[in-house]
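Trainee: predicted model and sequence follow; I will ask about them next.
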Amino acid sequence: MEATFSSTTARGYWNQTRGSTDEARDRKPSSLSIARPSKFVQLSLARTRKSSFFKVLSAEKEQIHVVEGSRVDELYDALVTRILPLVSVSSNPNHKLLVGLAGPPGAGKSTLAHEVARRINKLWPEKASSFDSQVQLPDVAIVVPMDGFHLYRSELDEMENPEEAHARRGAPWTFNPLRLLQCLKNLRMHGSVYVPSFDHGVGDPVEDDIFVNLQHKVVIVEGNYLLLEDGVWKEISSLFDEKWFIDIDIDKAMQRVLKRHISTGKPPDIAKQRIENNDRLNAELIMKSKKNADIIIKSIDF
């Protein structure tokens with residue numbers, strides 16, 4: 001069945017060939033387009049600095065379909081326009097639309113995820129028109145960062161090579177993917193779950209800090225390794241209804257990460273060593289999972 005979604009805000013259209021709901025997880029990457037002039041979308045992201053640009057791509061076999069707009073708002077609205085029609089007022093209170101947003105460090109995953117969620121929550125009352133307009137509806141979209149599933153520092157201390165474990169923190173094996181998998185399965189089964197956040201000041205997860213409840217219809221999980229094909233990560237990836245990937249030149253991403261390290265107090269030479277010995281290695285691995293995405297959001301510098 002072919003459905004065309006329109007957005008007056010985005011001033012364009014998503015054209016998407018979709019199957020039934022049951023087939024959504026197994027579908028091939030979609031062909032997407034927006035009827036706009038050939039201009040990149042200017043984006044000023046707090047965490048990726050200014051003068052950044054995003055455009056949305058979707059790869060189908062060897063063809064690349066580009067979604068472009070003249071303003072960053074059009075990009076966000078286009079992504080929301082893709083998601084919002086899929087959010088249903090289901091009779092099943094446990095029903096969720098799970099979006100996996102992956103990409104290397106410095107790509108802007110958190111910023112994108114939170115802005116898309118914010119706009120969905122803002123537009124939801126218009127979609128849920130059956131509700132009394134005087135009733136304040138609860139948020140339907142929420143972001144779950146993968147950072148909360150880091151191993152604790154005490155767990156790294158117990159590894160065979162604690163020094164290496166701390167130096168490589170952020171690599172796939174310094175996370176607890178089994179716990180993330182179980183949380184997502186519980187969410188599918190029960191419709192609500194407590195998940196940990198991550199305290200960057202302390203350097204450890206904060207237990208049960210985020211509550212995904214029955215009212216949440218869209219859950220955007222953002223993290224580096226969500227689309228990997230190995231072991232438990234592959235099982236995690238299979239649970240997402242939508243798979244998004246933010247693509248970026250690794251050198252540009254590492255420049256952003258370098259600034260982030262320095263801003264948290266690391267001396268420049270130590271920050272550079274961490275990038276070369278850890279962050280870049282992780283980014284190179286993450287980039288290999290790009291092919292598993294439904295949507296590729298390509299980030300470039302102006």
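Mentor: Now that the structure is in, tell me what you want to look at.

Trainee: report all helices and strands that the host helix or strand of Ala113 contacts.
Mentor: Secondary structure here is read from DSSP states H and E; on that basis Ala113 sits in helix 109-127. In terms of contact count using 3 or more Cβ pairs under 8 Å, 6 or more residues apart in numbering; DSSP states H and E, helix 109-127 is assigned the packing partners helix 72-83, strand 97-102, strand 141-145, strand 218-222. Just so you know, the C-beta spots here come from the backbone N, C-alpha and C atoms, and that holds for glycine as well.

Trainee: can you list the strands that the last one pairs with?
Mentor: Spelled out, it's strand 218-222. Using DSSP bridges, strand 218-222 pairs in its sheet with strand 97-102 (parallel), strand 141-145 (parallel).

Trainee: what angle separates that strand from helix 109-127?
Mentor: Taking axes from the mean of the first three to the mean of the last three Cα atoms, to 10 degrees, strand 218-222 and helix 109-127 form an angle of 170 degrees between their directions.

Trainee: could you list the buried residues of the helix or strand just after strand 218-222?
Mentor: Past strand 218-222, heading to the C-terminal end, the next element that is a helix or strand (DSSP H and E) is helix 231-238. Residues Val232, Trp233, Ile236, Ser237 are the ones in helix 231-238 that count as buried (16 or more other Cβ atoms under 10 Å).

Trainee: could you do stretch 248-264 as well?
Mentor: Ile248, Ile250, Lys252, Ala253, Met254, Arg256, Val257, Leu258, Arg260, His261.

Trainee: distance of the most centrally placed residue in the chain relative to Asn92?
Mentor: By Cα atoms, centre = their mean, the mean C-alpha position of the chain lies nearest to Leu101, the distance being 2.2 Å. Counting by Cβ to Cβ, to the nearest Å, the separation of Leu101 from Asn92 is 24 Å.

Trainee: same thing with Leu180?
Mentor: In this view, Leu180 and Asn92 are 23 Å apart by Cβ to Cβ.

Trainee: quick one, what contacts the residue nearest to the centre of the chain?
Mentor: Lys109, Leu112, Ala113, Ile220, Val221, Glu222, Gly223, Leu226, Trp244, Phe245, Ile246 (Cβ atoms under 8 Å, 6 or more residues apart in numbering).

Trainee: before we move on, what about Asn186?
Mentor: Under the criterion of Cβ under 8 Å, 6+ apart, the contact list for Asn186 reads Val193.
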